[in-house]
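Student: Need the 3D shape of this:
(one chain, ligands or ions: 1)
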Amino acid sequence: MKIWNEYIIAESLQQADNSFADLNENVKFIAGGTDLLLEIQQGRHNPVERLVDVNQIPELGQLVLDSETIFIGAAVAVSTIACSSFVYRHAQALCEATGLIGGPQVRNVATLGGNVAHALPAADGMIALVALDATARIYSCGTIQDRPILSLFIGPGKTAIKRNELIAGFLIKKRLPGESSAFQRIMRPQGVALPILNCAIWMKRDQNKIDDIRIVFGPSGPVPSRAEGVESELRGKEFSQIPIERAIDAIQMTVKFRSSPRRASAEYRYELAKDLFSRVLHSAWERTLA
Ligand SMILES: Cc1cc2nc3c(=O)[nH]c(=O)nc-3n(C[C@H](O)[C@H](O)[C@H](O)COP(=O)(O)OP(=O)(O)OC[C@H]3O[C@@H](n4cnc5c(N)ncnc54)[C@H](O)[C@@H]3O)c2cc1C
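Tutor: Predicted coordinates for the structure are as follows:
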C-alpha cells in the first residue's frame, strides 16, 4: 500500500505554509510519524497525497527558558524533553509523562506536537500539559496565535487545530517557590502504548495548605478536562486526611471514566484512580518544598 505520494521536508514556517497552497485537502504534517503512519498502515486514516515533515523547522526544535515561561518546540523528541534538566525544574509532570511514552525507539522520534495534535484523551504528554495549564503556540498563514491547551480538542482523535495550522510549540509558566507537579500512570505489564489510566497534578502550597491545584485524569471523557469537582475538595484546604478522603470520594462522583473495549472498564478505572490519585498527590506535595 502506498502511504503518501509526495514527501516534503519543510525548512521554515513559510515553507510549511506553502505546502498547503495548491493542495489543501490531502496534505498532512508529520513529525515522528509514530501515530500517523501506523494509522494509515492500519486503515484508520486514508493515504495522503503529500506529507510535510516539520522536523527541520528551527522554531519547532527549540527548548527555551525566558524570564517567565519555558517554550518547548512541537518537534522536540519526547526523549529530549524527558531528559531535560530545565524542563524537570519547571515542569516535573511533563518529564515524567514523556519519559513513559512507548519504548526508547518511539521516544527518540515521537514529539509533543504529535501527541497533542493526535488528540487521544489519554495521551500522556498532553495530560501533563493540561495540568500545567500550557498554552499552544499555533502558526498559520504568517501569523502566530497562543491558545489555551484545552481549546484544542473537540472529540476523541479530533482536534480543533485546522489542517493547515501548525503547532509551533508549548508555553508553560516557570515554576515559582511552593509550586510543583507530578505525573504517574497505570499500564498493562509489557504495555507500550496508551495507559489504562494516567493522572497529572500541579499544585501551589502555602505552608500546610494547598493554595491552588489542577488535577487531570486520562482518559476521562471524549476530550481532556480538569477534575474540577476533585480540585474543589482540596483548594484552600490543609493537606490532611479528611480533605484527601473527600477528594477521593469526589473522583467517583464527579469524574466521568468510560469503558474502553481493549484497555479497561469504567468500574476498574474508578478503583485504580483512588490509589493513583493518592500517589500523585503525595508526590506533588512533597516536591513543593524541593
Ligand atoms: C509502539 C508505540 C507506543 C506508544 N506509546 C505511547 C504512550 O505510552 N503514550 C502516549 O501518549 N502515546 C504513545 N504512542 C503514540 C505516539 O507515539 C505519541 O502520540 C507521539 O507523541 C506522537 O508524536 P509523533 O511526532 O510521532 O506524531 P505524528 O505521527 O508525526 O503525527 C500525529 C498527528 O499530529 C499531527 N502533527 C504532528 N506534528 C504536528 C504539528 N507540529 N502541528 C500540527 N499537527 C501536527 C500529524 O499531522 C498527525 O495528525 C505510542 C505509539 C507507538 C507506535
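Student: Every contact and neighbour count from this point should use C-alpha atoms.
Tutor: Fine.
Student: in stretch 81-92, what's buried?
Tutor: 81, 82, 86, 87, 88, 90, 91, 92 (16 or more other C-alpha atoms under 10 Å).
Student: Repeat that for stretch 166-179.
Tutor: Quick answer for stretch 166-179 (16+ other C-alpha under 10 Å): 166, 167, 168, 169, 170, 171, 172, 173, 174, 175, 178, 179.
Student: Could you pull up the residues touching the third one?
Tutor: Read it as residue 168. 59, 60, 73, 74, 75, 113, 136, 137, 138, 139 (C-alpha atoms under 8 Å, 6 or more residues apart in numbering).
Student: Can you tell me which residues in the chain are near the ligand?
Tutor: The chain has residues 28-36, 74, 100-102, 106, 110-115, 117-118, 123-125, 166-168, 192-194 near the ligand, with proximity defined as C-alpha under 6 Å from any ligand atom.
Student: Those, buried ones only, as a PyMOL selection?
Tutor: The following PyMOL line selects those of these that are buried, judged by 16+ other C-alpha under 10 Å:
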select buried, resi 28+29+30+31+32+33+34+36+74+100+101+102+106+110+111+112+113+114+115+117+118+123+124+125+166+167+168+194
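Student: Give me the subset of the residues of the chain next to the ligand lying in helices.
Tutor: 36, 106, 112, 113, 114, 115, 117, 124, 125 (DSSP state H).
Student: For stretch 128-135, what does the pLDDT average out to?
Tutor: Stretch 128-135 shows a mean pLDDT of 98.
Student: about what we covered before: how about TSV for the buried residues of stretch 166-179, with pLDDT added?
Tutor: Converted to TSV, the buried residues of stretch 166-179 look like this (pLDDT from 0 to 100):
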residue	pLDDT
166	97
167	98
168	98
169	98
170	98
171	98
172	98
173	98
174	97
175	97
178	98
179	98
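Student: what about residue 224, which SS state?
Tutor: Three-state assignment for residue 224 (DSSP: H, G, I helix; E, B strand; the rest coil): coil.
Student: wait, isn't it in contact with residue 152?
Tutor: No. Using C-alpha atoms under 8 Å, residue 224 makes no contact with residue 152, being 9.7 Å away.
Student: returning to what we had before: in CSV, list the buried residues of stretch 81-92 along with pLDDT.
Tutor: Shown next, in CSV, are the buried residues of stretch 81-92 (pLDDT from 0 to 100):
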residue, pLDDT
81, 98
82, 98
86, 92
87, 97
88, 96
90, 97
91, 98
92, 98
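Student: Just confirm residue 195 contacts residue 217, I think it does.
Tutor: No. Using C-alpha under 8 Å, residue 195 makes no contact with residue 217, being 11.1 Å away.
Student: For this structure, which segments count as helices?
Tutor: Using DSSP H, helices in the chain cover 13-18, 36-41, 78-83, 85-90, 92-98, 104-109, 112-117, 124-131, 228-234, 241-254, 266-287.
Student: related to what we said a few turns ago, with neighbour numbers in mind, choose between residue 224 and residue 152.
Tutor: Taking other C-alpha atoms under 10 Å, residue 224 and residue 152 do not tie; residue 224 has more neighbours (27 against 20).
Student: Excluding residues flanking it in the chain, which one is nearest the more buried one?
Tutor: residue 121 (5.3 Å; C-alpha to C-alpha, 6 or more residues apart in numbering).
Student: mind checking pLDDT for residue 250?
Tutor: The predicted local confidence for residue 250 is 98.
Student: I figured it hits residue 227, correct?
Tutor: No. Using C-alpha under 8 Å, residue 250 makes no contact with residue 227, being 9.1 Å away.
Student: Just the C-alphas of stretch 171-191, formatted as CSV.
Tutor: Taking C-alpha atoms only, stretch 171-191 is exported to CSV below (Å, rounded to 0.1, in the frame of the first residue of the first chain):
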residue,chain,number,x,y,z
LEU,A,171,4.5,27.6,26.6
ILE,A,172,4.5,26.7,30.3
LYS,A,173,4.8,29.2,33.2
LYS,A,174,8.1,28.9,35.1
ARG,A,175,7.8,27.2,38.4
LEU,A,176,7.7,29.5,41.4
PRO,A,177,8.6,28.7,45.0
GLY,A,178,5.9,26.5,46.6
GLU,A,179,4.7,25.1,43.2
SER,A,180,5.2,21.6,41.9
SER,A,181,3.8,18.9,39.6
ALA,A,182,3.8,15.2,39.2
PHE,A,183,2.6,12.5,36.8
GLN,A,184,2.1,8.7,37.0
ARG,A,185,0.2,6.1,35.1
ILE,A,186,-1.1,2.6,35.3
MET,A,187,-0.2,0.3,32.5
ARG,A,188,-0.6,-3.3,31.5
PRO,A,189,2.6,-5.3,32.1
GLN,A,190,4.7,-5.2,29.0
GLY,A,191,2.4,-2.5,27.6
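Student: Many thanks, I have nothing further to ask.
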